[in-house]
Structure formats: C-alpha cells, structure tokens
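Student: Quick check, what structure comes out for this input:
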Amino acid sequence: MNTIKAKLKFFPNRFEVIEEGDHVKCAVSGKNIPLNKLNYWNVELQEAYYSSVEAKIRYEQVKNNK
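Tutor: Residues are numbered from 1 along each chain as shown. Modelled structure (predicted):
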C-alpha cells in the first residue's frame, strides 16, 4: 500500500473519489481501509467504517446523542 489517503464523497451505494489515494481512515477505529475493501460508510456523516462492527458503534453513538 502506498499509504496515500484518499478523499471521498459518499453517496447511497457508491462513493466518488475527490482526491486520489489508496485508502481512507475508519472514523471509529482509525484503521486504514483500502478503497477496494471499503463497504461501510455513512452518507449523512460522510464517514467510512472498517467493518459492520464500527458502523454499528457509530450508529449507537449518534442514536444516543439525539
């Protein structure tokens, strides 16, 4: 991995690369996520998640803050 962080715009069912790179950081764990392995994100928060575990953690955090 070149370790160049990409900048993405998240949409339902897809994302657009704004700045080229090979990974993004998980908003919860801080782990690097290769773009070809990126499956979980939140369109409203514009955040990427390493796995469903981190996505659920963020969902619970947001839900509890409302």
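Student: how about the strands in the protein?
Tutor: 7-11, 14-19, 23-25, 32-34, 40-42, 47-49 (DSSP state E).
Student: among the ones you listed, which is nearest Lys66?
Tutor: Nearest to Lys66 among these is strand 40-42; the distance by CB to CB comes to 14.4 Å. Heads up, the C-betas are built off the backbone N, CA and C, glycines and all.
Student: Given the closest one, what are its sheet partners and their directions?
Tutor: As defined by DSSP bridges, the strand partners of strand 40-42 come to strand 47-49 (antiparallel).
Student: So for the strand it pairs with, what gets flagged as buried?
Tutor: Judged by neighbour count using 16 or more other CB atoms under 10 Å, the buried positions of strand 47-49 are 47-49.
Student: same check, this time on stretch 32-47
Tutor: So, applying 16+ other CB under 10 Å, buried residues of stretch 32-47: 33, 38, 40-41, 47.
Student: What of stretch 51-66?
Tutor: Result for stretch 51-66 [16+ other CB under 10 Å]: buried residues 51, 54-55, 58.
Student: Tell me, please, where in this structure the pLDDT is lower than the cut-off.
Tutor: 1-2 (pLDDT under 70).
Student: before we move on, the earlier item: dump the buried residues of strand 47-49 into CSV; add distance to Lys7 as well.
Tutor: Output for these, formatted as CSV (distance: CB to CB, whole Å):
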residue, distance to Lys7
Glu47, 13
Ala48, 11
Tyr49, 16
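Student: ok, the residues you listed vs Glu16, which is closest?
Tutor: Ala48 (13.0 Å).
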